[in-house]
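> What follows is a predicted structure for the sequence shown.
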Amino acid sequence: MPRAGAAKLSRGLAAVPEAEFMLPLGFPSDADIAARGYAYEPVRIWKDTPCALNMETELPPDLARYLRLRHRLGLFRIDPARQREVFRCAPSQDTLGYQPVIDFHDAYPLHMLNLASIRDLESKIQKDQAIQRLDARRFRGNIVISGPDAYDEDDWKLVRFKTSPSGGGDQLSSLFDVSCHTVRCKLPNVDPSTGIRHKSEPDRALRKYREIDPGAPKAGCLGMQLCPVFPESAAAEPLQSTLQAGMEIEVLRRGSHFYLAQGQGQKQGEAQVADKQHNGTP
């Protein structure tokens with residue numbers, strides 16, 4: 001099934017598209033890659049350089065002109081067989097039964113935000129004409145929760161999301177390892193609605209009030225990084241979790257966190273991979 005792309009005007013989603021083009025939804029076969037002129041190219045993500053599929057031939061030349069680009073416009077997708085393994089603060093394969101993987105993510109599979117924490121941080125920013133409130137979109141969460149007190153999530157280590165037994169139907173449950181704090185860069189200073197970057201907030205407030213992780217001195221933290229945990233019975237099946245709006249939150253374990261920066265946990269991961277190759281393990 002194809003996926004549509006559209007060029008929008010400054011009115012955002014309310015605008016009428018000037019041009020549309022279609023993109024393949026599923027990852028293409030080797031035959032399609034050759035037929036459509038796709039090519040594998042290295043992509044730089046922090047210190048990683050994964051090889052991704054460049055599908056730029058699907059992009060109309062008018063799009064680059066519309067964006068006023070001086071260089072090539074690429075369209076990259078990670079090959080499902082070449083996903084990046086996550087180490088650092090993530091659990092090991094011996095613990096989970098699989099090594100967590102990501103595509104173009106910064107570091108971990110999922111990012112959880114607590115609305116109460118965002119509201120508390122909002123009360124600490126220096127407000128001016130450019131910034132009055134903090135939109136949760138600034139912090140780019142995959143899972144946004146409400147109910148717990150502000151920063152209650154800081155010491156979560158294992159959490160379960162589950163449907164209420166009183167809701168009827170089959171009860172769903174998904175388990176996650178809470179691997180580390182989310183150490184913030186300055187990107188949340190950018191208003192997602194306008195693209196305008198504030199000169200200091202919320203970065204100033206984060207550094208002043210949220211320097212909480214001994215592994216990340218002089219940096220503010222907001223949010224938690226998660227890795228899915230699957231039952232042992234799921235080892236022979238495609239690994240998947242189900243989340244629904246309104247699920248209950250059950251904190252199963254708490255403890256302290258120590259953030260490992262980019263590259264700190266990678267050597268251990270590379271040693272694990274090298275050991276597998278040495279022993280002939282696929």
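Nice, I can see it.

> All the helices of the stretch 101-250 of the chain, residue numbers only.
Ranges of helices in the stretch 101-250 of the chain, per DSSP state H, counting those that start in this stretch, are 115-122, 203-209.

> what's the domain layout of the protein?
Domains of the chain are assigned by automatic domain parsing as 2-82, 93-261.

> most packed of those?
Looking across the domains of the chain with neighbours counted as mean count of other Cβ atoms under 10 Å, the highest average goes to domain 93-261: a mean of 16. Every C-beta, even on glycine, is put in place using the N, C-alpha and C of the backbone.

> Quick one: residues contacting V43.
The contact partners of V43, taken as Cβ atoms under 8 Å, 6 or more residues apart in numbering, are 49-52, 76, 104.

> and those residues as JSON lines, adding distance to G147?
As requested, these are exported to JSON lines (distance: Cβ to Cβ, whole Å):
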{"residue": "T49", "distance to G147": "41"}
{"residue": "P50", "distance to G147": "37"}
{"residue": "C51", "distance to G147": "42"}
{"residue": "A52", "distance to G147": "38"}
{"residue": "F76", "distance to G147": "37"}
{"residue": "F104", "distance to G147": "31"}
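
> For L25, state which of those residues is nearest.
Closest approach to L25 among these (Cβ to Cβ): F76, at 15.4 Å.

> so that closest one makes contact with C51?
No - between F76 and C51 there is no contact under Cβ atoms under 8 Å: 10.0 Å.

> intersection of neighbour lists for those two?
Contact criterion Cβ under 8 Å, 6+ apart; residues bridging F76 and C51 by contacting each: 41, 43.

> thinking again about what came up before, make a markdown table out of the helices of the stretch 101-250 of the chain and add mean pLDDT.
As requested, these are exported to a markdown table (pLDDT from 0 to 100):
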| stretch | mean pLDDT |
| --- | --- |
| helix 115-122 | 99 |
| helix 203-209 | 98 |
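
> Throw these into a markdown table and include distance to Q129, thanks.
Shown next, in a markdown table, are the helices of the stretch 101-250 of the chain (distance: least, Cβ to Cβ, whole Å):
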| stretch | distance to Q129 |
| --- | --- |
| helix 115-122 | 16 |
| helix 203-209 | 17 |
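
> Of those helices, which is nearest P165?
The closest of those to P165 is helix 115-122. By Cβ to Cβ, the value is 24.8 Å.

> and the domains of the chain, which one's lowest on average pLDDT?
Note on the domains of the chain: domain 2-82 shows the lowest mean pLDDT, a mean of 84.

> Out of the helices of the stretch 101-250 of the chain, the one nearest D135 is which?
helix 115-122 (8.4 Å).

> which residues touch the closest one?
For helix 115-122, contacts defined as Cβ under 8 Å, 6+ apart pick out 133-134, 136, 139, 144-153, 202, 205-206, 209-210, 222-223.

> Same question for stretch 239-246.
With Cβ under 8 Å, 6+ apart as the contact definition, stretch 239-246 has outside contacts at 98, 143, 161, 163-164, 172, 174-176, 228, 230.

> Please repeat the previous calculation with a cut-off of 7 Å.
When contacts are defined by Cβ atoms under 7 Å, 6 or more residues apart in numbering, stretch 239-246 is touched by residues 98, 143, 161, 163, 172, 174, 228, 230.

> now stretch 151-161
Against stretch 151-161 from outside (Cβ under 7 Å, 6+ apart): 112, 114, 117, 173-178, 181, 212, 224, 243, 247, 249-256.

> Quickly list what S174 is bridged to.
Taking DSSP bridges as the rule, S174 bridges to F161.

> The stretch 1-150 of the chain: strands as residue ranges?
Remark: strands assigned in the stretch 1-150 of the chain by DSSP state E, counting those that start in this stretch are 2-6, 20-24, 39-42, 51-54, 76-78, 84-85, 101-102, 110-114, 143-145.

> next one: the stretch 151-282 of the chain
With DSSP E, counting those that start in this stretch as the criterion, the stretch 151-282 of the chain has strands at 156-162, 173-183, 221-229, 248-254.

> Having no further points to raise, I will conclude here.
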